[in-house]
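> I would like the atomic coordinates for the input below:
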Amino acid sequence: MSEISVTKVAEADDASPDVFAREHNEKLQTAGRQLISALYMLVRSVKMYDPENAVFEKPIAQLQETMNQVIQKDGKLEFMGVKQSFYLNGMLVKVDMSALENVRTLLEELRSKDVGGITMMRSVTIPELKNFIWIFSKEQSDTADEDGVQGKKLVSMKLAKWSKLKDKLENDKDESEAKLDRKKYALTCYGRAVFFVRKYFESLRKEKPIATSKVLRVIQDLVDISIDHRTHFLGLTTTKSDGEYLAYHSVNTALITIVYGTELGLTKPQLCDLGYIALFHDAGMGTVPDELLNKRGALSLEERNTINRAPLISIRNILQERQINRATLLRLVTTFEHKVDYGTAVRDGQGNIQMIIPKANLGLYAKLISIAATYDALTSKRPFRDAYGPEVALMLMWTEMRNKFDPDLLKVFMRVMAIQPIKVLTKRQQSVSIGML
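Numbering: from 1, shown residues only. Coordinates of the predicted model:
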């Protein structure tokens with residue numbers, strides 16, 4: 001596909017093939033995203049309106065233009081749904097995390113009619129596109145054949161049957177493909193979690209919080225992935241967004257805590273509870289204005305009070321969700337306790353911590369979330385400071401901040417993260433032992 005396009009342009013302009021290959025890929029990516037966006041909107045709209053309705057005129061015309069441009073450039077259009085993604089002429093269509101839910105919904109709609117993809121070798125017409133969209137209307141209950149449905153046949157378009165495509169994918173899958181697929185699925189789950197948390201924070205600001213229980217399915221998927229693919233899973237937590245720190249921090253904390261809990265031998269139901277609580281451990285901060293969250297310099301007394309009220313808002317939101325039961329009480333206690341320091345630091349004359357006196361019998365979940373949340377916060381870039389490297393972050397947690405954490409659990413956390421901060425400590429600091437904490 002791309003070789004033909006590169007050859008034609010290179011002969012005409014005597015330019016570098018690499019340049020045109022890259023340009024071609026970018027144009028194909030753009031076309032792929034346009035196809036996903038247009039099909040998602042049209043398939044959803046046909047549930048309410050007939051394809052002949054005026055609301056379809058502009059979007060169908062745009063879809064026709066995109067499809068025909070691809071055919072004109074490549075001589076064909078193959079748009080396939082594979083696993084949790086779409087491929088256009090053999091190229092994976094990369095979408096933003098905010099569009100992952102649209103991809104999932106569109107895949108479900110196509111597969112509900114046994115459509116795995118579309119193949120075209122010549123230009124498509126508006127009437128034919130209307131016949132294709134009709135397949136997904138509420139009046140149409142039959143699954144589609146390769147040439148559409150009865151009375152609404154397709155001419156230029158040929159539909160790939162999802163049932164056949166699925167069987168072929170299962171037969172062709174080898175071990176390496178399975179690992180790659182799992183990694184992609186982990187990223188998809190991560191994107192869904194970020195998308196949900198972002199929407200949840202938006203609902204908090206409107207004072208109409210959506211039910212957090214809607215994300216439980218995603219949490220269960222994340223737990224399954226963490227058990228079998230810990231390395232891929234922890235790798236996701238390096239994903240950051242300077243502009244949406246709170247949403248990414250919430251999801252990263254949940255991911256790290258789940259892997260952490262797996263290492264400690266928690267059961268799958270316990271991991272689901274732990275991940276669920278961790279995802280909303282600091283949800284009250286979602287009500288704090290962005291300018292305050294990103295402020296450089298010291299906070300005023302009023303600003304500090306606004307920050308300090310955030311944990312109470314987190315607890316209030318939990319109480320408003322449902323009736324009080326054991327699971328709710330666990331969420332309430334953990335959400336409060338993860339902000340509480342593990343102990344009081346006893347310092348020497350130079351200000352160095354000599355020992356830690358435990359202050360309260362904190363719950364396990366709270367102690368795990370406290371460690372995971374602090375680590376992700378330290379390794380994240382903020383407007384008022386750069387991100388610390390993993391070794392430096394753990395060094396700070398092990399020395400300057402260690403009164404905040406259970407020392408035995410912190411030692412396990414270092415092993416889970418496969419990072420030993422001991423090599424960045426001074427000789428004096430290296431003499432500190434677990435027994436002294």
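> domains of the protein?
Domain assignment for the chain by automatic domain parsing gives 2-172, 175-436.
> Just give me the lowest mean pLDDT stretch among those.
The minimum mean pLDDT among the domains of the chain belongs to domain 175-436 (a mean of 78).
> What residues of the helix or strand that contains residue 328 count as buried?
Assessed by DSSP states H and E, residue 328 sits inside helix 326-337. Buried residues in helix 326-337, counted by 16 or more other CB atoms under 10 Å: 330, 331, 332, 333, 334, 335, 336, 337. Yep, even glycine has a C-beta here, placed from its N, CA and C like the rest.
> can you list those in a markdown table and add distance to residue 287?
As requested, these are exported to a markdown table (distance: CB to CB, whole Å):
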| residue | distance to residue 287 |
| --- | --- |
| 330 | 23 |
| 331 | 18 |
| 332 | 18 |
| 333 | 21 |
| 334 | 20 |
| 335 | 15 |
| 336 | 17 |
| 337 | 21 |
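> in the stretch 101-250 of the chain, which spans are strands?
115-120, 148-149, 152-153, 157-161 (DSSP state E, counting those that start in this stretch).
> In a markdown table: the ones you listed, plus distance to residue 214.
Shown next, in a markdown table, are those (distance: least, CB to CB, whole Å):
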| stretch | distance to residue 214 |
| --- | --- |
| strand 115-120 | 27 |
| strand 148-149 | 33 |
| strand 152-153 | 35 |
| strand 157-161 | 32 |
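> Relative to residue 31, which of those strands is closest?
Residue 31 sits nearest to strand 115-120 of all the strands of the stretch 101-250 of the chain, at 12.8 Å, using CB to CB.
> in that closest one, what counts as buried?
Within strand 115-120, the residues that qualify as buried are 115, 116, 117, 118, 120, counting by 16+ other CB under 10 Å.
> same deal with stretch 249-269?
Buried residues in stretch 249-269 (16+ other CB under 10 Å): 249-262, 264, 266.
> which one among the buried residues of strand 115-120 gets closest to residue 76?
Nearest to residue 76 out of those is residue 120 (CB to CB; 6.7 Å).
> From residue 61, how far out is the closest one?
Relative to residue 61, residue 120 is positioned 17 Å away (CB to CB, to the nearest Å).
> cool, residue 136 as well?
In this view, residue 136 and residue 61 are 19 Å apart by CB to CB.
> check contacts around residue 319.
328, 332 (CB atoms under 8 Å, 6 or more residues apart in numbering).
> and the helix or strand where residue 271 lies, what other elements does it pack with?
In this assignment (DSSP H and E), residue 271 forms part of helix 268-279. Under the contact criterion of 3 or more CB pairs under 8 Å, 6 or more residues apart in numbering; DSSP states H and E, helix 268-279 touches helix 216-228, helix 245-263, helix 326-337, helix 364-378.
> Throw those helices into a markdown table and include distance to residue 350, thanks.
Listed next are the helices and strands packed on helix 268-279 as a markdown table, based on distance: least, CB to CB, whole Å:
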| stretch | distance to residue 350 |
| --- | --- |
| helix 216-228 | 42 |
| helix 245-263 | 33 |
| helix 326-337 | 31 |
| helix 364-378 | 24 |
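> Thank you kindly, that will do.
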